[in-house]
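# sequence below, structure please.
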Amino acid sequence: MKKLRYIIIFIVLTVVVSGCGNSTKKEIQQKSILLKGEKIYVELADTDYLRTRGLSYGTSLCEDCGMLFVFDAYNYYSFWMNEMNFPLDIIYLKDNKVVEIFESVPVKTNDKTTRVYPESEANGVLELNAGWSKTHNLQIGDNLDILD
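Prediction:
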């Protein structure tokens, strides 16, 4: 009976310890980008966990801040405003070139979480404060440069 208890404790500890090293969370990297001559500080969402979480639960973004979602493959990535508290501009990128712009995407549409469905393939998406694209005259074909 004592031996069985030690085996069970060993198995539980093994599962717990092995689970600790496989965390899907990681510290968010920060980068500086240049878009339309404006320096923007972005948080990089480059894992499934960070891409799913996005800017959810935040209350605002600073004027020159955003989030850059990076994907390993080209695809039609839909975005939703789940648990968002403020509207955003959602900018789709293909090889750091603007391919689609959704301006001032509201948090809710008809009491449902807003979803955005692109018509263009992309491997990156930039989220900025609502109105940024219009204020800076962002156009399809504009380039984004990653500074660091």
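# from the rest of the structure, what touches the lengthiest strand in the chain?
The residue-count maximum for a strand in the chain (DSSP state E) belongs to strand 65-75. Contacts to strand 65-75, defined as C-beta atoms under 8 Å, 6 or more residues apart in numbering, come from residues 31, 33, 40-46, 51, 54-55, 77, 94, 121-129, 132. Using the backbone N, CA and C atoms, a C-beta is placed for each residue, glycine as well.
# sort out for me which of these are in helices.
Among these, the residues falling in helices (DSSP state H) are R51, W132.
# now which of the contacts of strand 65-75 would you call buried?
Among the contacts of strand 65-75, those scoring as buried are 33, 40, 42-46, 51, 54-55, 77, 122-129, 132 (criterion: 16 or more other C-beta atoms under 10 Å).
# quick one, strands of this structure?
In chain order, the chain shows strands spanning 29-35, 38-45, 65-75, 79-80, 88-94, 97-105, 108-109, 112-113, 115-116, 122-129, 144-146, with DSSP E as the criterion.
# mind checking which of these is nearest H136?
Using C-beta to C-beta as the criterion, the shortest distance between H136 and these is 6.2 Å, found for strand 38-45.
# and that closest one, what does it pack onto?
Secondary structure elements in contact with strand 38-45, counted by 3 or more C-beta pairs under 8 Å, 6 or more residues apart in numbering; DSSP states H and E, are strand 29-35, helix 48-53, strand 65-75.
# much appreciated, bye for now.
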